[in-house]
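**Q** need a 3D model of the following:
(chains A, B, C and D)
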There are 2 protein chains.
Amino acid sequence: MMRTPYGLNILDNCVTCPQRTENLICNLSIPAAQRLNEIKSTAVYPKGAMLFIEGQQARGVFVLCTGKVKLSTSSRDGKTIITKISEPGDVLGLNAVISTRPYEVTAEMMEPGQANFIPRDSLMHFLREFPEVAMKVAQQLSRNYYTAYEEIRTLGLTVSPSEKFAKLLLSWSTKDSQADGSAQVKLTLTHEEIAEIIGTTRETVSRLFSDFKRKQLMQLKGATLVIRSRVALEKIVQS
Amino acid sequence: MMRTPYGLNILDNCVTCPQRTENLICNLSIPAAQRLNEIKSTAVYPKGAMLFIEGQQARGVFVLCTGKVKLSTSSRDGKTIITKISEPGDVLGLNAVISTRPYEVTAEMMEPGQANFIPRDSLMHFLREFPEVAMKVAQQLSRNYYTAYEEIRTLGLTVSPSEKFAKLLLSWSTKDSQADGSAQVKLTLTHEEIAEIIGTTRETVSRLFSDFKRKQLMQLKGATLVIRSRVALEKIVQS
DNA sequence: AAACTGATGTGATCCAGATCACGCAGCGGT
DNA sequence: ACCGCTGCGTGATCTGGATCACATCAGTTT
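**A** Numbers count the residues shown, from 1 in each chain, chains lettered A, B, ... in the order given. Modelled structure (predicted):
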């Protein structure tokens, strides 16, 4: 099968989505995958590009191939919270399309990357054509819901910024942690962005970094964050 | 068609769910409705009964017929937040069942009421049998997601308790507001419960009531809450 | 009626973070 | 080198709610 740099087959792309076998577009039946491949279009976006903006009428979904995407929502007075950092394999805008409502978040490329776009109508047709995929979509949606619920628990039940910060570090380190409980993560976010994730101010995040370093919970080598011990962090979370 | 007090046909029940035509169990095709009627079982629950508890393996969904249900989640250290007050017509536990995960909330009857139970396996079978219903389920799930997202916005973007309180009052008054912007709502929650909704303390809620009454934003006649002007409240929210 | 219980009002105190206000470091552009 | 810009570190204040500690009140029970 031929591959062109800007027109990858979704089936092929699937290979590039590590450990995402449960994903919407993976493990489709051959005819479904072929159909999907026909209705999608691929594009490359620069850093800072907006895939869609909160409040816009939903045009379709984006399947992220490469790069990271920042999902955020803001209030009229300028305050912003980041609800998720999406990674390759994620399907963006699904809720808005399925429920035919405006996008509930803004999706911004954090680094240059590639995404497949599937227009609203094509997707809905596709789902009616392949009911088993509709079922997978429902499961994806309920998984999204769980993530949102975790967010609610964090925002509503966790009071102190230090606790939320510890939670965030833990969520980062789960991906590739060592046997001894330590982990290394590439830090790609600014303090400002971290503040928008845990709902506090830039200054407080800065102080949290100092505190946690002093308490030997973590350490910074260039842009690499070294987490000393997960158990110590879990103690802080304690909720 | 015969009606028995404790074994209402779901189709009939639909009539008792006001303005819920978009609901999962309403507007089904005749065969789907009949099938649904076969797999459901109805029960009456006393006040305080737990339909399900956070963390339990999902057994099935509940379709609320009468009464109100409090959905909440708590942290290990005892703090609780109420995420939603469910009303007749709502489908409870859908996300957990579809994603085959534990219930993410606790559902407690706030007053005696009736609910239909549909076991997990029966529901999944049913959805495979009627793909058009699976599609409706997906839409219901994405609507749930929107509600959760609203919650995130409230918790994450709204800082002051007074703003959240105003938001809550507005959400109550939307249901039946007068032309002049006033509205009357039966107050069924304690200050403690309101505190758990907006994420503050009982004392603060008590003070908020005093403040808002003093500022002529609302007024209390027995258990009836009279909202003076919606616009004034919207000014406070302002986000 | 008295005692009990759960829901409520309200003052006094305290403190974690927000806010303000800088200084400083890195880095790309001209 | 210079500038401009964005991100970061840190002190000094200020303050809104949490917390504690009672008093009160309405509805129930005995």
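**Q** can I assume A:Val91 is in contact with A:Val69?
**A** No. Using Cβ atoms under 8 Å, A:Val91 is not in contact with A:Val69, being 11.1 Å away. C-beta coordinates here come from the backbone N, C-alpha and C atoms, glycine included.
**Q** between the two, which one's more packed in?
**A** A:Val69 (26 against 21; other Cβ atoms under 10 Å in any protein chain shown).
**Q** list the contacts for A:Lys70?
**A** By Cβ atoms under 8 Å, 6 or more residues apart in numbering or on different chains, the contact set of A:Lys70 is A:82, A:85-86, A:107-110, A:193.
**Q** ok, now with 7 Å
**A** A:82, A:85, A:108, A:110 (Cβ atoms under 7 Å, 6 or more residues apart in numbering or on different chains).
**Q** ok, and the closest non-adjacent residue to A:Asn95?
**A** B:Ser142 (4.4 Å; Cβ to Cβ, 6 or more residues apart in numbering or on different chains).
**Q** list the contacts of that neighbour.
**A** A:95, A:98-99, A:141.
**Q** helix, strand, or coil at it?
**A** helix (DSSP: H, G, I helix; E, B strand; the rest coil).
**Q** that one and A:Leu141, how far apart?
**A** 5 Å (Cβ to Cβ, to the nearest Å).
**Q** now the common contact residues for those two.
**A** By Cβ under 7 Å, 6+ apart, the residues touching both B:Ser142 and A:Leu141 are A:95, A:98.
**Q** chain A: strands as residue ranges?
**A** A:41-45, A:50-52, A:60-66, A:69-74, A:80-86, A:91-92, A:106-109, A:113-119, A:183-186, A:218-221, A:224-227 (DSSP state E).
**Q** quick one: A:Thr204 and A:Ser160 touch, right?
**A** No. At 10.1 Å, A:Thr204 does not count as touching A:Ser160 under the criterion of Cβ atoms under 7 Å.
**Q** so what pLDDT did A:Asp121 get?
**A** A:Asp121 is assigned a predicted lDDT (pLDDT) of 97.
**Q** which residues touch it?
**A** A:Asp121 touches nothing, counting by Cβ under 7 Å, 6+ apart.
**Q** which ones are touching A:Ser98?
**A** Not quite, residue A:98 is Ile, not Ser. Here A:Ile98 is in contact with A:137, A:141, B:138-139, B:142 (criterion: Cβ under 7 Å, 6+ apart).
**Q** let me know the closest of those residues to DNA strand D.
**A** B:Ser142 (31.9 Å; Cβ to the nearest atom of the strand).
**Q** now A:Ala200, nearest residue through space, not along the chain?
**A** For residue A:200 the amino acid is Thr, not Ala. A:Pro161 (4.3 Å).
**Q** ok, A:Asn144 next?
**A** B:Tyr145 (5.9 Å).
**Q** ok, back up a step: make a markdown table out of the strands of chain A and add distance to A:Phe165.
**A** Putting the strands of chain A into a markdown table (distance: least, Cβ to Cβ, whole Å) gives the following:
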| stretch | distance to A:Phe165 |
| --- | --- |
| strand A:41-45 | 30 |
| strand A:50-52 | 28 |
| strand A:60-66 | 26 |
| strand A:69-74 | 18 |
| strand A:80-86 | 14 |
| strand A:91-92 | 26 |
| strand A:106-109 | 23 |
| strand A:113-119 | 27 |
| strand A:183-186 | 14 |
| strand A:218-221 | 10 |
| strand A:224-227 | 12 |
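**Q** which of these sits closest to B:Met124?
**A** Checking these against B:Met124 by Cβ to Cβ gives strand A:91-92 as the closest, at 22.2 Å.
**Q** quick one: mean pLDDT for the closest one?
**A** Mean predicted confidence for strand A:91-92 is 95.
**Q** quick one: it near chain B?
**A** No. Strand A:91-92 does not reach chain B (Cβ under 7 Å from any Cβ of the partner chain); its nearest approach is 12.3 Å.
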